[in-house]
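Asks: heads up, no residue letters with this:
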């Protein structure tokens with residue numbers, strides 16, 4: 001796998017194309033280009049038979065340059081690195097950082113390809129691809145590009161094991177902003193290949209990666225947590241936070257009650273249901289003078305015993 005990190009901090013795992021698949025793609029492109037060149041040449045010869053030999057030679061050279069040189073450049077630019085041969089073989093030309101190529105990349109690859117593919121029948125391109133660690137020819141080296149495989153078998157893709165259930169939400173308070181993207185990529189690749197490594201080598205790699213992550217977060221690795229489980233839990237926490245940033249605002253706007261576990265700002269527990277709201281009743285109006293009850297004259301005030309004495313009027 002080729003470890004690439006794009007300018008948007010998106011980690012990519014790309015498999016560089018090998019020489020046989022690249023040679024087959026170039027051969028298919030040359031067959032198509034030669035067929036188009038022959039058809040265009042026949043049409044020009046039939047339509048310019050009245051011209052002199054110098055004019056016909058100039059048209060032949062211009063046709064050669066436009067079809068066999070300009071054609072592949074235009075196709076790779078418009079298709080973002082996927083010519084007809086590369087599409088048939090499942091290949092694509094990308095930049096060194098994994099991004100799509102532009103016109104300048106296709107132009108450099110096309111101009112140098114005339115020398116190392118057309119004029120030398122591909123001998124220089126084959127030698128350069130065999131010497132390069134990523135299988136790049138001279139056009140790729142000068143253009144800063146790489147030919148990668150788009151069709152990777154599913155069985156070759158590593159499965160990242162989930163952390164143990166007892167570590168769910170354990171590291172929700174860690175500050176993961178200082179962990180670089182290349183370290184996350186190393187952790188992800190280790191977890192995807194942990195079953196293929198020797199136990200001692202895998203444990204040593206897990207301790208080293210866990211120490212690097214803990215140094216960036218400022219919190220040591222708990223002693224009771226194994227390094228592989230720590231890496232899996234921290235990686236899951238990062239994925240949960242990315243999901244919260246991507247979908248949390250939409251869910252809040254739609255009034256969703258759920259939250260992403262371990263995401264920053266997520267409530268720790270569900271809110272308890274409150275008592276039903278009862279609107280307050282208005283106090284009764286004061287009684288009018290005509291509605292007041294008559295109090296007996298011998299009634300004693302509240303709290304005092306009656307004596308039966310009536311004061312004189």
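Replies: Received the coordinates, thanks. Please read these numbers as outputs of a predicted model, since none were measured by experiment. Numbering: from 1, shown residues only.

Asks: which residues of the stretch 101-250 of the chain fall in helices?
Replies: Under the criterion DSSP state H, counting those that start in this stretch, helices of the stretch 101-250 of the chain are mapped to 103-113, 123-131, 138-143, 181-192, 199-217, 227-253.

Asks: average pLDDT for the helix or strand hosting residue 28?
Replies: Assigned by DSSP states H and E, residue 28 falls within helix 19-47. What helix 19-47 shows for mean pLDDT is 89.

Asks: Also stretch 193-200?
Replies: For stretch 193-200, the per-residue pLDDT averages 77.

Asks: And the contacts of stretch 51-60?
Replies: 41, 44, 45, 48 (Cβ atoms under 8 Å, 6 or more residues apart in numbering). Quick note: C-beta positions are derived from backbone N, CA and C, even for glycine.

Asks: one step back: between the helix holding residue 28 and helix 103-113, how many degrees?
Replies: For helix 19-47 against helix 103-113, the angle by axes from the mean of the first three to the mean of the last three Cα atoms, to 10 degrees is 90 degrees.

Asks: coming back round to it: which of the helices of the stretch 101-250 of the chain sits closest to residue 26?
Replies: Each of those was scored for nearness to residue 26 using Cβ to Cβ, and the closest is helix 123-131 (7.7 Å).

Asks: Can you tell me what sits against the closest one?
Replies: Applying Cβ under 8 Å, 6+ apart, the contact partners of helix 123-131 are 19, 22-23, 26, 113, 115-117, 135-139, 141.

Asks: With distance to residue 91 and neighbour count added, can I get the residues you listed in CSV?
Replies: Shown next, in CSV, are the contacts of helix 123-131 (distance: Cβ to Cβ, whole Å; neighbours: other Cβ atoms under 10 Å):
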residue, distance to residue 91, neighbour count
19, 12, 14
22, 7, 24
23, 11, 17
26, 10, 20
113, 15, 26
115, 22, 13
116, 18, 20
117, 15, 23
135, 11, 19
136, 13, 23
137, 13, 28
138, 18, 20
139, 14, 23
141, 17, 16
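
Asks: and which of the contacts of stretch 51-60 is nearest residue 83?
Replies: Closest approach to residue 83 among these (Cβ to Cβ): residue 41, at 21.3 Å.

Asks: My guess is that closest one contacts residue 61. True?
Replies: No - proximity of residue 41 to residue 61 does not meet the contact threshold set by Cβ atoms under 8 Å, at 11.0 Å.

Asks: Of these two, which one has the most company?
Replies: residue 41 (16 against 10; other Cβ atoms under 10 Å).

Asks: Nearest residue to that one in space, please, no chain neighbours.
Replies: Leaving out its chain neighbours, the residue that sits closest to residue 41 by Cβ to Cβ, 6 or more residues apart in numbering is residue 63, at 5.8 Å.
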